[in-house]
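1. Here is my input, please return the structure:
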Amino acid sequence: MRPEVRHTEEFERVRDLPRRRLSQADASAWATVLTPELRVPGAHVELRDWQAYCLAEVATYRGLWAALPVGFGKTLLLELIAAILGLTRAILVIPANLRDKTYADRASYLGKWRLASPPPVLVSREELADESRHHYLERLNPDGILVDEADELANADSAACRRIDRFVQPRTREECAVVCLSGTPSRKSIMGYWHQLGWVLRDAAPMPHNYAEAKMWAAALDYGPSRVRRPGPGPLGGTRAQALAWFQRRLSETPGVVIVDGDSAGDLPLTIRVRPSREDKTLDKHFKQFLLEQQNPDGIPVTDPLSRWRMDGFLGCGLYKKWNPPPPEEWRAARRAVAKLVRDAIEASTNTARPLDTEKQVLKRHAQHPAVIEWLRIKPMFDEHQTETVWVSGSTIESAIEWLNESSEPGIIWCGGVDFAHALAGVTRLSNYGPKGRDQNGNGLHVAPEGKSLIASWHANKKGFNLQAWARQLIVHPPQSAKWLEQIFGRSHRSGATRPVVITVLATSGGTLDAFESAIGEAGFARGSVGLTQKILRAQIERVRVRVTESNKFRWAQRDRA
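-> Reported below is the predicted structural model:
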């Protein structure tokens, strides 16, 4: 019998919560009322309409979960929330690499806005999760927890989330207000913010408090392959589409939840161009081995979709990771065997109610399989993380340089790999803002000189920075996530930008094209479940048709089986 979402007391509680509709007119009215209250006399600053609406909402409900498009002014909003709630022991949770930028922004507000005194203490997610800070929240006893880029706390099982949950749950909203803001609240599951809604709204959260029941809702609603057998939506709606629409309305109409479906850049054009990298017979040969043998040139096997994407990206950039020193053959054989088991198990689980996505999940579910037992026995014999980078081709570097030289306009080259970015910086002599968000001289991206091209790691710098001075950008080894692309696009295509923005995605393989198309589908889920239309759905997309030959057919083979 097909499982389905049940009609329970929790469903009735969520269904019967109060409702209200967002109104642009109300947002404008609140901006008129709150701007003179919060700005310093004589300062020439204005609240944006939706900033003001969020402030009114948080003052009314002493909590806020808001999905605001990238570039809507969340940094200032969080500082003003601390002030309007009168918080004196607040913490502001931010990505670690945005600390300097946040301090600089806070300094720029002085003399313009009435800020909280003392201001919120800046804490990173990593610091919250640090073992030495196990009782940090209990010692500080914050009266407010403000979370910027709340999607960084999407994993409810992470140490940081568990510690926030442990602190918040026994306390009322008056004792500790919680605010969670994000421009990209979810990738593929409503469980990415289930716990956050509980922190913010407690008993008024518009999702089941019971974890198992919330997971059943997610199984019925979440993004995934259409052939996956889902639970029936039950009281949520007759079909999945109807259930998604019901959930999106319930979420957006809940007091304390603000979802603004707009673009901070207004009508400013955004063009996304997909551009193939140079033809390269050397890379063609290595992609053939990758596709047929499911391993890189040194025999490191592919297991789950994430490792396939990483290996595809490395090869597309012209490099791979080699074990140094090499492992013994006995270890290699066990690794190949368990990698094949993982791939087969993930493939076989696709149409089941409990699909597998990662190697860790497979090893746990198939713990008694001989290949797993042998792998766990032999794994400690060799440290598989001891690798070195081997370059097989420089053609992708040449492709990036070609793009750079096609215009005198400065641009940003976003890189998904440290080795590629470092090599490109060595050839071009451009500043490279690496994994910690700093260049070779220790300067942060927030003070990058305008008028000069630069290289940046999108892993480290995709959030928080205002890079509207660079309207021309290239992405090498792009992320496979719509929300990460949204963040990258939003660095330049944002409020205050005055020039059309053109983002070029460098396609180095069929896997690159697969990931880009998958991101579009993921963005569709975000629109259907939360109500946010991401930039990738608003942009003009210029796709490319690759000329497939006998030599390069494996490089451009489509491997996405979702």
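2. Pull the number of nearby residues for the residue lying closest to V502 once chain neighbours are set aside.
-> Among residues not flanking V502 along the chain, T271 sits closest, at 4.8 Å (C-beta to C-beta, 6 or more residues apart in numbering). Heads up, the C-betas are built off the backbone N, CA and C, glycines and all. T271 is flanked by 14 other residues according to other C-beta atoms under 10 Å.
3. Can you list the strands that the helix or strand hosting T271 pairs with?
-> T271 is part of strand 270-276 when elements are defined by DSSP states H and E. If you go by DSSP bridges, strand 270-276 pairs up with strand 501-507 (parallel), strand 540-542 (parallel).
4. Need the pLDDT of the residue nearest to V502.
-> What the model reports for T271 is a pLDDT of 97.
5. Helix, strand or coil: sort out P255 for me.
-> coil (DSSP: H, G, I helix; E, B strand; the rest coil).
6. Could you check how far it is from V168?
-> Taking C-beta to C-beta, to the nearest Å as the measure, P255 falls 19 Å from V168.
7. Same check on Q361?
-> From Q361 to V168 the distance is 29 Å (C-beta to C-beta).
8. If you count surrounding residues, which of the two has more?
-> V168 (22 against 17).
9. Please look at that one and W199 and confirm they touch.
-> Yes - between V168 and W199 a contact is recorded at 4.9 Å, counting by C-beta atoms under 8 Å.
10. tell me the domain boundaries of this structure?
-> 19-206+254-259, 263-318+395-562, 325-385 (automatic domain parsing).
11. gap between the two ends of the shortest one?
-> One end of domain 325-385 to the other measures 10 Å (C-alpha to C-alpha, to the nearest Å).
12. Please state the offset of that domain from the chain centre?
-> 27 Å (C-alpha atoms, centre = their mean, to the nearest Å).
13. again, but for the first one
-> For domain 19-206+254-259, the gap between its own C-alpha mean and the chain's C-alpha mean amounts to 18 Å (C-alpha atoms, centre = their mean).
14. any idea of the mean pLDDT in it?
-> 94.
15. end to end, how far does that domain reach?
-> 14 Å.
16. again, but for stretch 382-391
-> End-to-end for stretch 382-391, by C-alpha to C-alpha: 24 Å.
17. Now do the buried residues in that stretch.
-> Residues of stretch 382-391 classed as buried: 382, 389-390 (neighbour count, 16 or more other C-beta atoms under 10 Å).
18. ok, so of those residues, who is nearest L76?
-> Proximity of the buried residues of stretch 382-391 to L76 (C-beta to C-beta) peaks at T389, which lies at 41.5 Å.
19. What sits closest to that closest one if chain neighbours are left out?
-> Closest to T389 by C-beta to C-beta, 6+ apart is D419, at 4.7 Å.
20. Tell me who's in contact with the residue lying closest to T508 once chain neighbours are set aside.
-> Excluding its sequence neighbours, the residue lying closest to T508 (C-beta to C-beta, 6+ apart) is G316, at 2.8 Å. G316 makes contacts with 277, 283, 396, 477, 508-509, 511-512, as judged by C-beta atoms under 8 Å, 6 or more residues apart in numbering.
21. at 7 Å what do you get?
-> Listed by C-beta atoms under 7 Å, 6 or more residues apart in numbering, the contact set of G316 reads 396, 477, 508-509, 512.
22. Show the pLDDT at it.
-> pLDDT, G316: 95.
23. Just read off the phi/psi values of it.
-> Here is the backbone geometry of G316 (degrees, to the nearest 10): phi -60, psi -30.
24. all strands of the stretch 301-450 of the chain, in order?
-> Applying DSSP state E, counting those that start in this stretch to the stretch 301-450 of the chain gives strands spanning 319-323, 387-391, 412-415, 431-433.
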